[in-house]
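**Student:** got a predicted structure plus its sequence, pasted below:
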Amino acid sequence: MPLPTQVRLVEVGPRDGLQNEKQPISVADKVRLVDDLSAAGLSYIEVGSFVSPKWVPQMAGSAEVFAQIRQQPGITYAALTPNLIGFEGALAAGVREVAVFAAASEAFSQKNINCSISESLARFVPVMEAAKANDIRVRGYVSCVLGCPYDGAIDPQQVAAVAAELFAMGCYEVSLGDTIGTGTAGATRQLIEVVAGQIPRDKIAGHFHDTYGQALANIYASLLEGVSVFDSSVAGLGGCPYAKGASGNVSTEDVLYMLNGLGIHTGIELDQLIIAGQRICALLARDNGSRVARARASA
């Protein structure tokens, strides 16, 4: 199968990245990050999530962030909405695309959101109905697709079953997440083959963590399988909570550098993206998780 000529990167730094940071981040700083990412040419930015600040303190103020960002035409500004209350909050804030998430691991589902996989999917039914009534697009996430910190290896058929449920509910695309970053290229290709037996291949996206240094290899393996949408995080924001000190999200800069080298079009300007990543890292007083950004800085 030939490599895709075009790839869409879903920037998750402002949500999946920042939610793992320890220090408080102001609404103004979140707005600046989103505006920087818009200026760099990202076509899809996950801005925040509408969840209880008690559970995810860093996502407090998501409505204010949506109100203050400079929304550019042609860019999707999305939010995570785990339940109907969250969806209603996003709708009130003017959000036009949301995401829901389920796990491929029963143990992870219980420990992460205190319910079974089937119970978590049932919670999305009213969200999907409300989204359809309000003409809001919904994207689905499946976590722990290539391994779980509690259950270990995950059967690809289980991943395919959850992905198929989300797709049948009305998710226009399902992102497969290697939450603990243990996946390898061979396992990734096998997984996509199995999931593609349940939902169309062009409705599959990849979300690879770099905990074991395999994210770029897994993205390349996915490209070989015809996948052309990938989630990534500017400066590699967001650590992995299951491996102390380990990296989490793959950095958007590193993915973009690889795609540029393959001649694959994204519409994203690498130098502008590096500036955005350096700015947020300076603000957070943390090292930049992008190897490309660090190499450029020391060149």
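**Tutor:** It's in.
**Student:** which residue ranges of the stretch 101-250 of the chain form strands?
**Tutor:** For the stretch 101-250 of the chain, the strands defined by DSSP state E, counting those that start in this stretch occupy 137-143, 173-178, 204-208, 229-232.
**Student:** now do the buried residues in the longest helix belonging to the chain.
**Tutor:** In the chain, taking DSSP state H as the definition, the longest helix is helix 117-133. Within helix 117-133, the residues that count as buried by 16 or more other CB atoms under 10 Å are 117, 120-121, 124, 127-128, 130-131. C-betas here are computed from N, CA, C, even on glycine.
**Student:** how about the CA coordinates for stretch 257-272, as PDB?
**Tutor:** Taking only C-alpha atoms (Å, rounded to 0.1, in the frame of the first residue of the first chain), the coordinates of stretch 257-272 have been written out as PDB:
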ATOM      1  CA  TYR A 257      10.000  16.300  10.700                       C
ATOM      2  CA  MET A 258       9.500  12.700   9.700                       C
ATOM      3  CA  LEU A 259       6.500  13.400   7.500                       C
ATOM      4  CA  ASN A 260       8.400  16.300   5.800                       C
ATOM      5  CA  GLY A 261      11.200  13.800   5.100                       C
ATOM      6  CA  LEU A 262       8.700  11.500   3.400                       C
ATOM      7  CA  GLY A 263       7.300  14.200   1.300                       C
ATOM      8  CA  ILE A 264       3.900  14.000   3.000                       C
ATOM      9  CA  HIS A 265       2.000  17.300   3.100                       C
ATOM     10  CA  THR A 266       0.500  18.600   6.400                       C
ATOM     11  CA  GLY A 267       0.300  22.300   5.900                       C
ATOM     12  CA  ILE A 268       2.200  22.900   9.200                       C
ATOM     13  CA  GLU A 269       5.300  25.200   9.400                       C
ATOM     14  CA  LEU A 270       8.000  23.500  11.400                       C
ATOM     15  CA  ASP A 271       9.900  26.600  12.500                       C
ATOM     16  CA  GLN A 272       6.700  28.200  13.800                       C
END
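**Student:** hmm, who's touching it?
**Tutor:** With CB atoms under 8 Å, 6 or more residues apart in numbering as the test, stretch 257-272 has contacts from 3-9, 36, 39-43, 216, 219-220, 223, 252-253, 256, 292.
**Student:** re the thing from before, between which two of the buried residues of helix 117-133 is the distance greatest?
**Tutor:** With CB to CB as the measure, no two of those lie farther apart than Ile117 and Ala130, at 21.6 Å.
**Student:** about what we covered before: now intersect the contacts of stretch 257-272 with the strands, please.
**Tutor:** Taking DSSP state E, the ones among the contacts of stretch 257-272 that sit in strands are 8-9.
**Student:** circling back to that earlier point, just checking, what packs against the longest helix of the chain?
**Tutor:** helix 84-92, strand 97-103, helix 106-113, strand 137-143, helix 156-169 (3 or more CB pairs under 8 Å, 6 or more residues apart in numbering; DSSP states H and E).
**Student:** so how far is stretch 8-28 from its chain's centroid?
**Tutor:** Relative to its chain's centre, stretch 8-28 lies at 11 Å (CA atoms, centre = their mean, to the nearest Å).
**Student:** go on, stretch 271-284?
**Tutor:** Averaging C-alpha positions (CA atoms, centre = their mean) puts stretch 271-284 19 Å from its chain's average.
**Student:** next: stretch 168-176.
**Tutor:** Here stretch 168-176 is found 13 Å from its chain centre; the criterion is CA atoms, centre = their mean.
**Student:** what would the strands of the stretch 101-250 of the chain look like in a markdown table with mean neighbour count, mean pLDDT and distance to Asp151?
**Tutor:** Listed next are those as a markdown table, based on neighbours: other CB atoms under 10 Å; pLDDT from 0 to 100; distance: least, CB to CB, whole Å:
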| stretch | mean neighbour count | mean pLDDT | distance to Asp151 |
| --- | --- | --- | --- |
| strand 137-143 | 24 | 97 | 12 |
| strand 173-178 | 26 | 98 | 14 |
| strand 204-208 | 26 | 98 | 18 |
| strand 229-232 | 25 | 98 | 22 |
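**Student:** could these be laid out in JSON lines, adding distance to Gln110?
**Tutor:** Shown next, in JSON lines, are the strands of the stretch 101-250 of the chain (distance: least, CB to CB, whole Å):
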{"stretch": "strand 137-143", "distance to Gln110": "13"}
{"stretch": "strand 173-178", "distance to Gln110": "17"}
{"stretch": "strand 204-208", "distance to Gln110": "21"}
{"stretch": "strand 229-232", "distance to Gln110": "24"}
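**Student:** so which of these is nearest Ala107?
**Tutor:** Of all these, strand 137-143 sits nearest to Ala107, with 11.7 Å by CB to CB.
**Student:** so what strands line up beside that closest one?
**Tutor:** strand 97-103 (parallel), strand 173-178 (parallel) (DSSP bridges).
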